[in-house]
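Student: The following block contains a protein sequence and its predicted model.
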Amino acid sequence: MANPYAGEVRLVLDGSPHVLKLTLGALAELESSLGSDSLVGMSSGSSARPIPAATCWR
């Protein structure tokens, strides 16, 4: 069971539930792959240009 207060989300793949949690390392990788220098830069830039799904799965 995911704990939303701890930043966890539940994902079901092929009927199997998984608990996911965004770590600081994963956030840093997203910032780097999107060419952003901050979380604010990522959020403001996302409305200006689309983010390919492949970017999120590297």
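Tutor: Thanks, I have it.
Student: Any regions of this protein where pLDDT drops low?
Tutor: Applying pLDDT under 70 to the chain flags residues 38-58.
Student: 80 instead?
Tutor: Across the chain, the ranges flagged by pLDDT under 80 are 30-31, 34-58.
Student: Next, count neighbours for residue 36.
Tutor: Using other Cβ atoms under 10 Å, residue 36 has 16 other residues around it. Quick note: C-beta positions are derived from backbone N, CA and C, even for glycine.
Student: From residue 28, how far out is residue 34?
Tutor: 11 Å (Cβ to Cβ, to the nearest Å).
Student: between the two, who's got more neighbours?
Tutor: residue 34 (17 against 10).
Student: State the phi and psi torsions of the more buried one.
Tutor: Backbone torsions of residue 34, given as degrees, to the nearest 10, read phi -90, psi 0.
Student: Which other helices and strands does the helix ranked longest in the chain contact?
Tutor: In the chain, ranked by residue count with DSSP state H as the criterion, the top helix is helix 24-33. Judged by 3 or more Cβ pairs under 8 Å, 6 or more residues apart in numbering; DSSP states H and E, helix 24-33 is in contact with helix 39-46, helix 53-56.
Student: right, and residue 6 touches residue 21 too?
Tutor: Yes: contact between residue 6 and residue 21 holds when scored by Cβ atoms under 8 Å: they sit 7.0 Å apart.
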